[in-house]
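>>> got a predicted structure here, sequence first:
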Amino acid sequence: MSQQQSLFEKIGGEAAVDAAVDIFYRKVLSDDRISAFFEGVDMDKQAAKQKSFLTMAFGGPHNYTGLDMRLGHAHLVERGLNDSHVDAVIEDLGATLRELNVAEDLIAQVAAIAESTRNDVLCR
Amino acid sequence: MVTIRYAKDNFELDENQSVLDCLTGHGVPVPFSCRSGVCQTCLMRATGGTPPEISQHGLKDSLKLQNYFLACVCHPSADLEVALPDDDDIQAVIPATVKSLKLLNADIMQVVLECHLPIDYRAGQFINLFQNQALGRSYSLASVPHQDEHLHLHVRRLPEGRVSGWIHEELRPGETVEIRGPGGDCFYIPGNSDQGLILIGTGSGLAPLYGIIRDALSQGHSGPIHLFHGSRDLSGLYLTGELHDLVRQYSNFNYVPCLSGEDVPHGFAAGRADDVAFQQMPNLKNWRMFLCGHPEMVKIAKKKAFMAGASMKDIYVDAFNVSQSS
């Protein structure tokens, strides 16, 4: 087992995503800075999207493209989505991982992956 | 060679090809996103054959039991007949004879149906009942397979409701109607039998809950089961005698009838069923939730249950949407 573990494996793989998704979604919904963007959405579909996002941010398998990110958020950018909201999401993501006792250096790596989507999410 | 059947077409599955690639390659508009079995966008249902276990990984148990699967990670070794979740003609129409009609309260009629063909359902799912080919409505199943001989529905008479009006006024025992189903994923799943269950319903939202409760109890569910059934006033509640009997019979079952109107006699909780439930049960971590009835109540209660600690995968809902063209 000398092969180096990937970030996704170090965090705990799909089981970690499953553990994180409810906590993360709850944080986002109770975060006054961003909760308005989640009003009226189908909660099951949203949870599936969160799971997909967390899998990517944890370094797991995904097929997200910059274009998907742009298409998925364009209607929110029209409603005023900006840098401060992306900051809030990344903060909530870090708090979720801390609650799950993930090491700080791994949290920093996850935050960096989430950060790399910023310009696509904000469609610029 | 494995064949994938979709609608009326048969497609041959190439080696190492997923069902998703096979179908989209032939122009079937299956939605997809991650292509790695994570995002669940390409959810489909096997209507013939059994999907491989790996293609059901991560799905809600109620979906697994109904042979739903993710097309992008589905590599079957035997033929499969598949449909998209919203394909309307996923099921055949079944004739059923009306065995009895009985008013449970002033507005709610119990309809008992004997199917001409065996129907494989779970208590809490719904069927569509057709007045004629073009006009049908969904009703939840209050009966329990193997316990009740026939299908039981609770039909609330809606003001100017075409189908409910027909059922209340014109339908007679002995007549034959057409049904299609079952559908829906709001039902009891055996296992984890010491988990607590909370069921919240308004009006005829009691129908699926009454089925789910009796199903869980008959399958030996040992955890606490709390039912909160709400109405405006006393005349809107029903099956109270039967539910009190269940309380006497099963020490783990608790029934809380709730009244949101002004007149609340002794023995009833004051307030809306969802408010009473969340007051009595502030921490819902590890509880399994069933929410049925008025769509607005269901929507609000779902969010509240989740925020109070219930896991998303443990929340089952059945929102009674009223047709706009009723």
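That came in fine, so what should we check first?
>>> pretty sure B:Thr47 is in a strand, no?
Yes - judged by DSSP: H, G, I helix; E, B strand; the rest coil, B:Thr47 forms part of a strand.
>>> which positions in chain B make contact with chain A?
Chain B has residues B:33-36, B:38-41, B:58, B:302-303, B:306-307, B:311-312 near chain A, with proximity defined as C-beta under 8 Å from any C-beta of the partner chain. Just so you know, the C-beta spots here come from the backbone N, C-alpha and C atoms, and that holds for glycine as well.
>>> hmm, 6 Å instead?
B:Cys34, B:Arg35, B:Ser36, B:Val38, B:Cys39, B:Gln40, B:Ser311, B:Met312 (C-beta under 6 Å from any C-beta of the partner chain).
>>> isn't there a strand covering the second one?
By that I understand B:Arg35. No - the assignment for B:Arg35, made by three-state DSSP, is coil rather than a strand.
>>> ok, it - contacts?
A:Asn63, B:Cys72 (C-beta atoms under 6 Å, 6 or more residues apart in numbering or on different chains).
>>> for it, give its distance to B:Ser18.
Going from B:Arg35 to B:Ser18 by C-beta to C-beta, to the nearest Å gives 8 Å.
>>> ok so, going back, list buried residues within the residues of chain B next to chain A.
Using 16 or more other C-beta atoms under 10 Å in any protein chain shown as the burial test, the residues of chain B next to chain A include B:Cys34, B:Arg35, B:Val38, B:Cys39, B:Gln40, B:Ser311, B:Met312 as buried.
>>> now find how far off-centre the worst-scoring helix or strand of chain B on mean pLDDT is within its chain.
Least confident helix or strand of chain B, by mean pLDDT, DSSP states H and E, is helix B:61-65 with a mean of 81. Put simply, helix B:61-65 sits 12 Å off its chain's centre (C-alpha atoms, centre = their mean, to the nearest Å).
>>> going along the chain from it, find the next helix or strand for me.
Heading C-terminal from helix B:61-65, the first helix or strand you meet, by DSSP states H and E, is strand B:68-70.
>>> sorry, back to before: now the two most distant members of the buried ones among the residues of chain B next to chain A.
Spatial extent of those (C-beta to C-beta) is set by the pair B:Arg35 and B:Ser311 at 26.4 Å.
>>> thinking again about what came up before, overlap in contacts, B:Arg35 and B:Ser18.
With C-beta under 6 Å, 6+ apart as the test, B:Arg35 and B:Ser18 both reach B:Cys72.
>>> in the chain, where is pLDDT below threshold?
Going with chain A. Confidence mapping of chain A against pLDDT under 70 gives the ranges A:1-3.
>>> not quite, I wanted chain B
Using pLDDT under 70, chain B drops low at B:39, B:87-91, B:323-326.
>>> longest strand of it?
strand B:93-103 (DSSP state E).
>>> report the buried residues of that strand.
Per 16+ other C-beta under 10 Å, strand B:93-103 contains these buried residues: B:Ile94, B:Ala96, B:Val98, B:Leu101.
>>> stretch B:66-84 too?
Buried residues in stretch B:66-84, counted by 16+ other C-beta under 10 Å: B:66-74, B:76, B:80, B:82-84.
>>> got it, and stretch A:19-33?
If you call a residue buried by 16+ other C-beta under 10 Å, then stretch A:19-33 has these buried ones: A:Ala19, A:Ala20, A:Val21, A:Asp22, A:Ile23, A:Phe24, A:Tyr25, A:Arg26, A:Lys27, A:Val28, A:Leu29, A:Asp31.
>>> cool, and stretch B:254-268?
Within stretch B:254-268, the residues that count as buried by 16+ other C-beta under 10 Å are B:Tyr255, B:Val256, B:Pro257, B:Cys258, B:Leu259, B:Ser260, B:Val264, B:Phe268.
>>> in strands only, show me those residues.
Using DSSP E, the members of those that fall within strands are B:Tyr255, B:Val256, B:Pro257, B:Cys258, B:Leu259.
>>> mind checking the SS state of the residue nearest to the first one when sequence neighbours are not counted?
If I follow you right, that is B:Tyr255. The spatially closest residue to B:Tyr255, leaving aside those adjacent along the chain, is B:Leu243, at 4.6 Å (C-beta to C-beta, 6 or more residues apart in numbering or on different chains). Assigned by three-state DSSP, the conformation of B:Leu243 is helix.
>>> B:Leu243 reaches B:Asn254, doesn't it?
No - look at B:Leu243 against B:Asn254 with C-beta atoms under 6 Å: they stay out of range, at 10.1 Å.
>>> straight-line length of stretch B:234-253, end to end?
For stretch B:234-253, the separation between the terminal residues is 21 Å (C-alpha to C-alpha, to the nearest Å).
>>> got a list of contacts for it?
Contacts for stretch B:234-253 (C-beta under 6 Å, 6+ apart): B:Leu104, B:Asn105, B:Ala106, B:Ile108, B:Leu217, B:Pro224, B:Ile225, B:Ser231, B:Tyr255, B:Pro257.
>>> what do you get for stretch B:77-89?
Contacts of stretch B:77-89 (C-beta under 6 Å, 6+ apart): B:2-6, B:43-49, B:90.
>>> could you redo the last one with a cut-off of 8 Å?
By C-beta atoms under 8 Å, 6 or more residues apart in numbering or on different chains, the surrounding residues in contact with stretch B:77-89 are B:2-7, B:19, B:23, B:30, B:43-52, B:68, B:71, B:74, B:90.
>>> using the three-state scheme, assign the closest residue in space to B:Tyr316 that isn't next to it in sequence.
Nearest residue to B:Tyr316 in three dimensions, chain neighbours excluded: B:Cys186, at 4.4 Å (C-beta to C-beta, 6+ apart). Three-state assignment for B:Cys186 (three-state DSSP): coil.
>>> so what's the residue count around B:Cys186?
B:Cys186: 24 surrounding residues under other C-beta atoms under 10 Å in any protein chain shown.
>>> tell me if I'm right that it and B:Ile315 touch.
No - applying C-beta atoms under 8 Å as the test, B:Cys186 and B:Ile315 come out as separate, 9.7 Å apart.
>>> spell out which parts of chain A neighbour chain B.
So chain A meets chain B at A:14, A:18, A:21-22, A:25-26, A:29-30, A:43-44, A:47-49, A:51-52, A:55, A:60-64, A:68 (C-beta under 8 Å from any C-beta).
>>> in helices only, show me these.
Using DSSP state H, A:14, A:18, A:21-22, A:25-26, A:29, A:43-44, A:47-49, A:51-52, A:55, A:68 are the members of these that sit in helices.
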